[in-house]
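Novice: curious how this folds, go ahead:
(one chain, ligands or ions: 1)
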Amino acid sequence: MIAALDVKVTLAEKSKLEGVSLEKIPFGRMFTDHMFIVQYENGSWQQPEIKPYQSITIDPSNAALHYGQSIFEGIKAYPTPGGEVAIFRPMDNFHRFNISAERMQMPTVPEEIFIEGMRQLIEIDKAWVPQYPDHALYIRPFMFASDDAIGVRPSEKYTFIIILSPTGPYFTAPMRIYVEEHFVRAVPGGVGYAKTAGNYAASMYPTAKARAKGYDQVLWTDALEHRYVQEIGVMNVFFIVNGKALTPSLEAGTILAGVTRNSVITVLKEMGVEVEERPIAIEELLEAYQAGQLTEVFGAGTAATISQIKELRYKETDMFFNPEDAPVASAVLNKLNAIRYGHEADTHGWMLGV
Ligand SMILES: *Cc1c(COP(=O)(O)O)cnc(C)c1O
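Specialist: Residues are numbered from 1 along each chain as shown. Next comes the predicted model:
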């Protein structure tokens, strides 16, 4: 169990919530009254604090700004029918955070800081959890190097922060996807499995190029042959072929191990859908499409849970899918929402009460 965490709490004098409607609030623009912050110095974590949400000062020589030792997580807490709040699978994000930390040569964060800090922060800002259907409280833990020095080496000091953002239904219109064969997201031996800022920075130029061609996102392919599919933008990807679900396997270290991906796989198996995690060649998908067997394509991630794909462009070929007729994707989405909003029993122990 989690040890008690001694947090120094300074409450905001006045809540920003007065006069604010949380209904249909856009993603990631508004933040709650408080933040959790703790520094790592001299080889250990210092006094954790919850204090009013505020700007932080950064020295111009801050190491994270120059060399990018910076990682994050994305988690959601949901309102439950009893008026309580429950966080979806935060332990999985905690473990992944420390995997990212290790790859970036950053210190790992103890469970009581990550989980208990998050719980105490949400408890204080509970009034910010939107009590509307399909709304949630988005939780953003992150850590960055905080040495003030521009020599290239791992920082000695780090800052870990958690901020909270109420969010409305994150509806993404069905997307048109460009199969990317020039730019790459991740290579074996690289950092594709880490949730680190640089991965996002590197994806923006190729995504902008795809947008200029009229597409919403890219489907990344492997760096060596551009033959095997990886992810869609910053989401994991699923293909329904002949009623079976295919998703790229994690073993090459080029795929981010999504908590949504893992949850979708679990739910699919329980629904009796066979799931194959393995390398998936784009040619195989094209053949399946031409044989009328590739019926659904969707992305999976915390922000939107499931994002329907209506078109895949590979070389000169367009593959089209009907988002209105996507029974597997919609069944998975309904099931996950039922568990998260407490309408169905949480048989997996996924929900952590605040
Ligand atoms: C965060 C992320 C995902 C989705 O992970 P979830 O845990 O499901 O939110 C997928 N791919 C990339 C590259 C990511 O950064």
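Novice: contacting residues around stretch 142-159?
Specialist: The set of residues external to stretch 142-159 that reach it, using Cβ atoms under 8 Å, 6 or more residues apart in numbering, is 37-42, 56, 59, 61-64, 66-67, 69-73, 97, 101, 105-107, 109, 160-162. All C-beta atoms are positioned from the backbone trio N, CA, C, and that covers glycine.
Novice: just the buried residues of the residues you listed.
Specialist: Neighbour-count burial (16 or more other Cβ atoms under 10 Å) applied to the contacts of stretch 142-159 gives 37-40, 62-64, 67, 69-73, 97, 101, 106-107, 109, 160-162.
Novice: got the domain boundaries for this structure?
Specialist: With domains defined by automatic domain parsing, the chain comprises 8-169, 175-340.
Novice: in TSV: those domains, plus distance to Asp346 and mean pLDDT.
Specialist: Formatted as TSV, these follow (distance: least, Cβ to Cβ, whole Å; pLDDT from 0 to 100):
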stretch	distance to Asp346	mean pLDDT
domain 8-169	8	96
domain 175-340	6	97
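Novice: rewinding a little: narrow the contacts of stretch 142-159 to those in helices?
Specialist: Among these, DSSP state H puts Ala63, Ala64, His66, Tyr67, Phe97, Ala101 in helices.
Novice: got the phi and psi for the residue nearest to Ala127 when sequence neighbours are not counted?
Specialist: Closest residue in space to Ala127, ignoring its immediate chain neighbours: Leu17 at 5.9 Å, by Cβ to Cβ, 6 or more residues apart in numbering. Phi and psi for Leu17, reported as degrees, to the nearest 10, are phi -70, psi -30.
Novice: repeat that for Tyr205.
Specialist: phi -70, psi -50.
Novice: what's the neighbour count on it?
Specialist: Applying other Cβ atoms under 10 Å, we find 10 residues neighbouring Tyr205.
Novice: make sure it is actually in contact with Phe183.
Specialist: Yes - Tyr205 is in contact with Phe183 according to Cβ atoms under 8 Å; the separation is 7.3 Å.
Novice: which residues of the stretch 101-250 of the chain fall in strands?
Specialist: Here the stretch 101-250 of the chain has its strands, by DSSP state E, counting those that start in this stretch, at 136-145, 158-167, 175-179, 217-221, 229-232, 236-241, 244-247.
Novice: got those strands as a markdown table, with distance to the ligand columns?
Specialist: Below are the strands of the stretch 101-250 of the chain laid out as a markdown table (distance: least, Cβ to the nearest ligand atom, whole Å):
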| stretch | distance to the ligand |
| --- | --- |
| strand 136-145 | 11 |
| strand 158-167 | 13 |
| strand 175-179 | 14 |
| strand 217-221 | 9 |
| strand 229-232 | 5 |
| strand 236-241 | 5 |
| strand 244-247 | 11 |
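Novice: relative to Ser307, which of the ones you listed is closest?
Specialist: Counting by Cβ to Cβ, Ser307 lies closest to strand 175-179 out of these; the figure is 6.2 Å.
Novice: so which elements touch that closest one?
Specialist: strand 217-221, strand 229-232, strand 305-314 (3 or more Cβ pairs under 8 Å, 6 or more residues apart in numbering; DSSP states H and E).
Novice: distance between the second one and the chain's centre?
Specialist: Which is strand 229-232. 15 Å (Cα atoms, centre = their mean, to the nearest Å).
Novice: same question for the first one.
Specialist: Relative to its parent chain, strand 217-221 has a centroid offset of 17 Å by Cα atoms, centre = their mean.
Novice: same for that strand, what does it pack against?
Specialist: Using 3+ Cβ pairs under 8 Å, 6+ apart, strand 217-221 sits against strand 175-179, helix 197-212, strand 229-232.
Novice: residues in the stretch 201-350 of the chain within reach of the ligand, list them.
Specialist: Glu231, Val234, Met235, Asn236, Leu256, Gly258, Val259, Thr260, Arg261, Gly301, Thr302 (Cβ under 6 Å from any ligand atom).
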